[in-house]
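Q: build me a model from this:
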Amino acid sequence: MSRRRARETADRGLRSPAWAEEGRERLVSKGKLLAVCLVWLLIVAAAAGAWRYLVAPARDEAARQEQERKRQEQLAGTAADPHYRFQVNLALDSFSGYAVLRSRELQNQLATQRIKLTLIDDQADYPRRLESLRTGEVQLAAFTIDALIKASDQVRDLPATIVAILDETRGADAMVAYKSVFPNIDALNRADTRFVLTPDSPSETLVRVVKSHFHLANLPADPWVPAADAEDVFQRYRQAAATSRQVYVLWEPFVSKMLENQETHVVVDSSRFRGYIVDVLVANRDFLAKNQELVRDFLASYFRARHEHRDGMLALVADDARQAGTPLSSAQAQRLVEGIWWKNTQENYAHFGLSSGRPLQHLEDMITNITDVLRNSGAIASDPTGGRPHLLYYGKVLEELQASQFHPGLTPEAIRDDTIRLPALSDAQWQQLVPVGTLDVPPLIFARGTATLTEASLATLDDLVSKLESWPQYYLLVRGNAAPRGDAEANRALAEARAQTVREHLQGRGIDAGRIQARGAPPDGDSSVTFVLGQPPF
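A: Presented below is the predicted three-dimensional model:
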């Protein structure tokens, strides 16, 4: 190769990298431009999205709120001030004892206090009722004391407190059965006995009171036949044989309907005991703490409405039943009214321990007794108050009414006499006494061969006094016993002496002497004493 060609070849080799570098630079510049364009496209898209989904809606919402504000200002500027200062939601069911709560008179009384009442019928679903109170869906509610205790035990809380007593059932709930099968309470004491009733109702409470107080050890742990309501219980009775070992537990007017059959009778009803089937008004605790004055005004209105109907309960109950679609005959309405004791203002003061007049059973004692029955009969696992029944009621609202010298009407109210005075019986009448049932009392222990009771047995008798006070309409037959060994006459005398010792102790604790008779039973080896409640033959 000539030197000239070699030089030209060398010059081309030196110039080639420069051209290549220039091409690469042009490509890089184009890539950067493309990247910048993409970034700006993303920015523009993001800005458009922000405008569409954030800025524009916020601007539109602000405009809408401003428009709504102006509309509300216009409404307020052209409307009157609200008449009602508060709306109260109250949960209840169709029980006739709540007729005053459903009355037009109560609505009118509340209207004067500028309170609007809305009633919520929950079909006696007590757990739901308590939950509605707990959440604040309702502020007030009607409960039986036992239902309040059971529902509180289920939720392990006490979200509501009692502020007044509405009524007490005195015969409106009853156990009805065929006379030939169940002549008395003792006849219930069999393993095949069944109670047809509505669960979690006063009917169930009635049975639990009887189970807790009488010697019914042979009853099964679960003797229930659940029914939807009293009408369902009545229909099951109509379909059952007269020999069936079923007891029908229901309320008026279905009790009267069953008794139209002459083969049936009332084994026991709620008129026979005191302080167990009691309806109360309860309040959500938070609502009460924030609105005690309003609750006071509500109670004042209720007591005025109740006072207004004091001589017209028959008409009120009949009208209430018609409105509910369950019309009553005159006889049914009369029996129902006779079976409910609506509590007036003075009686509420007495039950809350605020009255110096005739005493009535204190609400705290009612709560304690009902809790004991529910625990003894297995209805609750434990006492939801932890042994502090005062946690379940609040008396300051009634105290304020009393301090203000509140009167529901022009005519004075009185505390009705709740005392049952049984007439004295002759020896012949005692012999004719019809046994009702054997009380469930722990065995009494006497010193060997004597009529001297141990201290523990004396305490047992003191507890029996409370039970006897709960069943004031029955006489008490005390039967003493002794061992059959040795001299028969001496043993009979010892048996009677033991009965007399018990009788004297009960008298000393306030049980009327004319209500008790002591007898010595034929000695059979049982050194204790039995207690039989009875009534004269009709």
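
Q: contacting residues for Ser426?
A: Ser426 sits next to no residue when contact means CB atoms under 8 Å, 6 or more residues apart in numbering. Where you see a C-beta, it was placed from the backbone N, CA and C, and this is true even at glycine.

Q: so how far is Leu433 from it?
A: 11 Å (CB to CB, to the nearest Å).

Q: count the neighbours of Ser256 for me.
A: 19 (other CB atoms under 10 Å).

Q: quickly find the element holding it.
A: helix 254-259 (DSSP states H and E).

Q: just the buried positions in that helix, please.
A: Buried residues in helix 254-259, defined by neighbour count with 16 or more other CB atoms under 10 Å: Phe254, Val255, Ser256, Lys257, Met258.

Q: grab the nearest non-local neighbour of the last one.
A: Just to be clear, that refers to Met258. Counting by CB to CB, 6 or more residues apart in numbering, the nearest residue to Met258 once its immediate chain neighbours are dropped is Val176, at 4.7 Å.

Q: and the host helix or strand of the one you found, C-alpha only, in CSV?
A: Assigned by DSSP H and E, Val176 falls within strand 173-178. The C-alpha coordinates for strand 173-178 follow below in CSV (Å, rounded to 0.1, in the frame of the first residue of the first chain):
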residue,chain,number,x,y,z
ASP,A,173,-101.8,-13.9,86.3
ALA,A,174,-102.8,-17.4,87.3
MET,A,175,-102.1,-21.1,87.2
VAL,A,176,-105.2,-22.8,85.9
ALA,A,177,-105.7,-26.6,85.7
TYR,A,178,-108.2,-29.4,85.9
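
Q: adjacent strands (with direction) for that strand?
A: strand 246-251 (antiparallel), strand 264-269 (antiparallel) (DSSP bridges).

Q: of the buried residues of helix 254-259, closest to Glu496?
A: Val255 (40.7 Å; CB to CB).

Q: distance check, that closest one against Ala428.
A: Taking CB to CB, one finds Val255 at 33 Å from Ala428.

Q: and if you look at Glu489?
A: 25 Å.

Q: just Val176 next, same as before
A: With CB to CB as the criterion, Val176 and Ala428 are 31 Å apart.

Q: coming back round to it: average model confidence for the helix holding Ser256?
A: Computed over helix 254-259, the mean pLDDT rounds to 92.

Q: kindly state the domain boundaries assigned to the chain.
A: The chain breaks down by automatic domain parsing into domains covering 18-79, 86-168+276-403, 173-269, 427-535.

Q: deepest in the core, which of the strands paired with strand 173-178 is it.
A: Stretch with highest mean neighbour count among those: strand 246-251 (a mean of 27; mean count of other CB atoms under 10 Å).

Q: ok, the nearest residue to Arg102 once chain neighbours are set aside - contacts?
A: In space, and not counting its chain neighbours, Arg102 is closest to Asp320: 6.0 Å by CB to CB, 6+ apart. Contacts for Asp320 were tallied using CB under 8 Å, 6+ apart; they are Ser96, Ala99, Arg102, Ser103.

Q: among those, which are in helices?
A: In helices, judged by DSSP state H, none of those are found.

Q: which SS state does the closest residue to Asn184 other than its chain neighbours fall under?
A: Sequence neighbours aside, Val436 is the residue nearest to Asn184 in space, at 5.3 Å (criterion: CB to CB, 6+ apart). Following DSSP: H, G, I helix; E, B strand; the rest coil, the label given to Val436 is strand.

Q: contacting residues around Val436?
A: Counting by CB under 8 Å, 6+ apart, Val436 touches Asn184, Ile185, Asp186, Val268, Tyr474, Val532, Leu533, Gly534, Gln535.

Q: center of the chain, which residue is that?
A: Centroid-nearest residue in the chain: Ala147, 2.5 Å away (criterion: CA atoms, centre = their mean).

Q: shouldn't it be within a helix?
A: Yes: counting by three-state DSSP, Ala147 is found in a helix.

Q: picking up where we left off before, in terms of neighbours, single out the busier of Val176 and Ala428.
A: Between Val176 and Ala428, Val176 has the larger neighbour count (other CB under 10 Å), namely 26 against 7.

Q: pLDDT of whichever helix or strand Gln65 is part of, averaged?
A: In this assignment (DSSP H and E), Gln65 forms part of helix 56-77. What helix 56-77 shows for mean pLDDT is 81.

Q: quickly run through the sheet partners of the helix or strand following it, with directions.
A: Once helix 56-77 ends, the next helix or strand along the chain (criterion: DSSP H and E) is strand 86-92. Strand 86-92 has the following strand partners under DSSP bridges: strand 115-121 (parallel), strand 140-144 (parallel).

Q: I'd like the next helix or strand past strand 86-92.
A: Following strand 86-92 in sequence, per DSSP H and E, is helix 104-112.

Q: re earlier: packing partners for the next helix or strand after the strand holding Val176?
A: Sequence order places strand 194-197 as the next helix or strand after strand 173-178, per DSSP H and E. Under the contact criterion of 3 or more CB pairs under 8 Å, 6 or more residues apart in numbering; DSSP states H and E, strand 194-197 touches helix 202-213, strand 224-226, helix 230-239, strand 246-251.

Q: okay if I get the ones you listed as CSV plus mean pLDDT and distance to Val478?
A: Below are the helices and strands packed on strand 194-197 laid out as CSV (pLDDT from 0 to 100; distance: least, CB to CB, whole Å):
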stretch, mean pLDDT, distance to Val478
helix 202-213, 95, 16
strand 224-226, 96, 33
helix 230-239, 96, 36
strand 246-251, 96, 28
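
Q: tell me which of those sits most buried.
A: Buried most deeply of those, by mean count of other CB under 10 Å, is strand 246-251, with a mean of 27.

Q: for that strand, output the C-alpha coordinates as PDB.
A: The C-alpha trace of strand 246-251 is given here as PDB (Å, rounded to 0.1, in the frame of the first residue of the first chain):
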ATOM      1  CA  GLN A 246    -100.300 -29.800  82.200                       C
ATOM      2  CA  VAL A 247    -100.800 -26.600  84.100                       C
ATOM      3  CA  TYR A 248    -101.800 -23.600  82.100                       C
ATOM      4  CA  VAL A 249    -100.200 -20.300  83.300                       C
ATOM      5  CA  LEU A 250    -101.600 -17.200  81.600                       C
ATOM      6  CA  TRP A 251    -103.200 -13.900  82.200                       C
END
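
Q: what's the spacing between that strand and its chain's center?
A: 20 Å (CA atoms, centre = their mean, to the nearest Å).

Q: between it and helix 202-213, what angle do the directions make?
A: Strand 246-251 runs at 120 degrees relative to helix 202-213, counting by axes from the mean of the first three to the mean of the last three CA atoms, to 10 degrees.
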